[in-house]
Structures are given as C-alpha cells and as structure tokens.
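K.L.:
attaching a predicted model along with its sequence, questions to come.
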Amino acid sequence: MTLHVKDLLQLDLLKEAEIVAGKNGANNEIVWVNMMEILDQFDSLQKSELLLTTGYGLNNKEQYKDLIVNLYKKGLAGIAIQPGYYINEIPEYLIECADRYDFPIIKIPKKVTFSHVTRAILKELGNTNDDDFDTFDNNKNLLEEIFNGKEISRTSGIYIKTVMEDEKNYDSFIMVIAISHIQDGIILQSDIKIILDKILLYLNKISPKVYEEKINNKYVFFFAIENDKLSQDLVFNLSKIMTNLSKIYLSLSIRTSISNPFTKIDDISKVYENALIIQKIMEKIQVKKGIFSYYDIDLLQYIYSQGSKENVFFYMNNILKPLLDYDKVNNSNFLNILKYFLLYNGNMSKAAENLYIHRHTLRSRLEKIREICDFDPESFNSRLKYMLAIFIYDLYY
C-alpha cells in the first residue's frame, strides 16, 4: 500500500494531528517510521522515512537551525513532533524552514503514544493478512539447495555464483535472523513481514541484489557489498535498525547473525554454518536483540563462560550505571556518544562526522563523560572495559 503524509491524518489515532508546516509536501510517500528522542544522529535514517520525535532540545535554535535542511537532504518524508514533554510548541524557526523546503512537519497530540502510532502506520504499510505471508517462499529453497551443495542451474543461482566468483570488487555475506516471542506468546505474521521488510529496505539500498529465504524457522539472506565498504559499518547500521525495531516490538526477540565476508561459492555452506553457530550461542545466553558477526564468536563465548546472566548484568551495571543514571535524569545521550567514539577506535573526526556534531563538541562531551564516570579516552584498558560493557548492554536492552 502507498502511504502519503496527508494519509496519516485519516488514521483513527491521528485524527487530532495536523500538518503545521511544509503542506506542499503532503504527498510525500512514507515507506517506514523511525523514532528518535535526541536528534543527534541521522546516519540510520533512510529516504522516505517519517521521523517521530518528542522534540528534545529543539528550543535551542543555534544547535538545530539546520535540522530541517539535513532531513530534507536525506530525503525523509517528513517529521512528526510531539510537544508537551520537552517543548510547549513547535519552534517558529523550524516551521519557517519547513515551509521554505516544502518539508512536512506534523504536530502529534501529547495523549498519543509513539509505539501505538508506529504500529498503526506500519500496519498500513504492511498491508498484509496474517494468513498471507509468502515473502520468504519466492525463491523456492534456492539458498538451501546451494548450502547443500546441489548443482546451480537456475538463473538466480547463477547470479549468486557470478557475484562471488567473477565480481572481485564485491564481498558476499550470509545473514540469519531468528524472531521469537519473549514470553512464548503468539507472533503475528504481519509483524514479521514488517520487520523483514525494513531489513530488506536497507539491504537493497547497499547491495545490487538480495536473496532471502525461510529455512528451519529462520530467515536467511544472501547479499553482496563493495569490498571497500567496511563490514563494521554494515553491522553497526543494521544494529541501529534492530534497536529501533526492538523499541516497537517490545515483546519480540530479534537475534541476527552475520557471516564473515566471502568470495567463493565453495565457502557458502561453511559461512552459513558459522552464522548458525552464532545463533545457537545467542539463544543459550538469552540475548534479546543484537546483530553479531562470526568475528564476535570468541567474545560471545567468553560472556557465556561467565556463568549466570546475573553475573554478566552485574559487570555491565557496575561500569555503566553512573552514565545510564545521568542520561536518565538529564535526558541526555552520553552513552550513545561514548559508543560512537569507541566504535571508531577513538577517531574523533570519524565519530563526530557520524554523530553530526563538531569535533570540538565531541571533545567537550567526552570530557563530561569523564566527569560522570571513570572513563579515560586515552587508556586502552578503559576503552576495552567500556566497549565490553556496552556490548553486553546492547545484548539485553
């Protein structure tokens, strides 16, 4: 189903919502919904997404004067802002800029919860009945045949072989996703379709061709990306998508494993097995969400060897509690800033670029983090300790 910005006002939950700016963009198509409390990272946003926010910090014109322009350049469908928590009204400077760029701003009533809005919109986008879900049946066991070493004769199979053996500038990957209910409840097939469609939306953006198939109640993907693109960035971007999905589907566990990159058809069965091994370990340690590559297996096994999940929680909480408490009380996002800094191995320029802030701003925020907890950005041991704690945090929260 094609959903436009103007169609949102026809949904029962949003009858009291209104487009307060950028009305000439009311026909913008929406393909997905993204939620963001603190508007300080846009790299996970994709074209034609609708961004939902409570508007934290938007009274600071100097900091957010380019917000609408940046979202417009990213190709978003619009932004839905809910006043009443951090701002009383949508600032005039945003309205003026949105009118200038025909970029829709939707004002959301305070009484409406984002999770309900998101699910309502995604249901419209999914447009599927629970008994009508065949997204992962289209390839008719193509991948399973390849994993089992059967002769490749179909056109699509030949394409996969060509990518791996003839296209030397591409690395191939196998990704496996397991979706389960945390309390053994019923999972709607329409919800699964929405989750997988979001993953496919991202993969189709970065890969010339993606194949997907359901094998033994897990969802398996083959895709290839240019080998000058970091697989680390791939995992991190997928991780942010999974985190956003987990906020929407709180009762679901979404566990994702990804193989190491490979280029030969003879290796495909082995890397598939490696992805399944990661799945087994994630299940054993009761991971709620996360995406992990085969490179992470030693770390996952180490966490599993530490005994009970309570021991792992104690380690994580002992390190991150001061920072988590500060973020909660002050509505800040220092944990995410620290995560980016560590992800890019202390590279200030790279971290600042992906946080959409200036290097000097990042430096000052790291100094604040240093005041809040015992993190020392110059110490390898300190960076390692916090990397492990954040790694554990991302597994379960």
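P.N.:
Ah, there it is.
K.L.:
the nearest residue to E89 once chain neighbours are set aside: how many residues sit nearby?
P.N.:
Leaving aside its sequence neighbours, E89 sits nearest to P83 (CB to CB, 6 or more residues apart in numbering; 5.6 Å). Every C-beta, even on glycine, is put in place using the N, C-alpha and C of the backbone. Look at P83: counted by other CB atoms under 10 Å, it has 17 neighbours.
K.L.:
when you give positions from now on, start the count at 34
P.N.:
In the new count, where the first residue is 34, that last one comes out as P116.
K.L.:
is it true that P116 touches V145?
P.N.:
No. Counting by CB atoms under 8 Å, P116 does not reach V145; the two are 11.7 Å apart.
K.L.:
may I have stretch 54-70 exported as PDB, CA atoms only?
P.N.:
Once non-C-alpha atoms are left out, stretch 54-70 reads as follows in PDB (Å, rounded to 0.1, in the frame of the first residue of the first chain):
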ATOM      1  CA  ALA A  54       4.400  23.400   8.000                       C
ATOM      2  CA  GLY A  55       5.500  22.200   4.600                       C
ATOM      3  CA  LYS A  56       2.000  21.400   3.400                       C
ATOM      4  CA  ASN A  57       3.100  21.300  -0.200                       C
ATOM      5  CA  GLY A  58       5.000  18.100   0.700                       C
ATOM      6  CA  ALA A  59       1.800  16.400   2.000                       C
ATOM      7  CA  ASN A  60       2.000  14.000  -1.000                       C
ATOM      8  CA  ASN A  61       5.400  12.700   0.100                       C
ATOM      9  CA  GLU A  62       5.400   8.900   0.300                       C
ATOM     10  CA  ILE A  63       6.200   7.200   3.600                       C
ATOM     11  CA  VAL A  64       8.000   3.800   3.400                       C
ATOM     12  CA  TRP A  65       8.900   3.500   7.100                       C
ATOM     13  CA  VAL A  66       8.800   5.100  10.500                       C
ATOM     14  CA  ASN A  67      11.800   5.900  12.700                       C
ATOM     15  CA  MET A  68      11.800   7.100  16.300                       C
ATOM     16  CA  MET A  69      14.400   9.400  17.800                       C
ATOM     17  CA  GLU A  70      14.400  11.100  21.200                       C
END
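K.L.:
buried set for that stretch?
P.N.:
54-55, 58-59, 61, 63-70 (16 or more other CB atoms under 10 Å).
K.L.:
now it, how far from the centre of its chain.
P.N.:
18 Å (CA atoms, centre = their mean, to the nearest Å).
K.L.:
then stretch 85-97?
P.N.:
Between the centre of stretch 85-97 and the centre of its chain there are 22 Å (CA atoms, centre = their mean).
K.L.:
stretch 287-295 now?
P.N.:
For stretch 287-295 - counting by CA atoms, centre = their mean - the centre lies 15 Å from the chain centre.
K.L.:
check stretch 299-316 too.
P.N.:
Between the centre of stretch 299-316 and the centre of its chain there are 22 Å (CA atoms, centre = their mean).
K.L.:
so what's D299 up against?
P.N.:
By CB atoms under 8 Å, 6 or more residues apart in numbering, no residues touch D299.
K.L.:
need the three-state assignment for it.
P.N.:
helix (DSSP: H, G, I helix; E, B strand; the rest coil).
K.L.:
give me the pLDDT value at it.
P.N.:
D299 carries a pLDDT value of 82.
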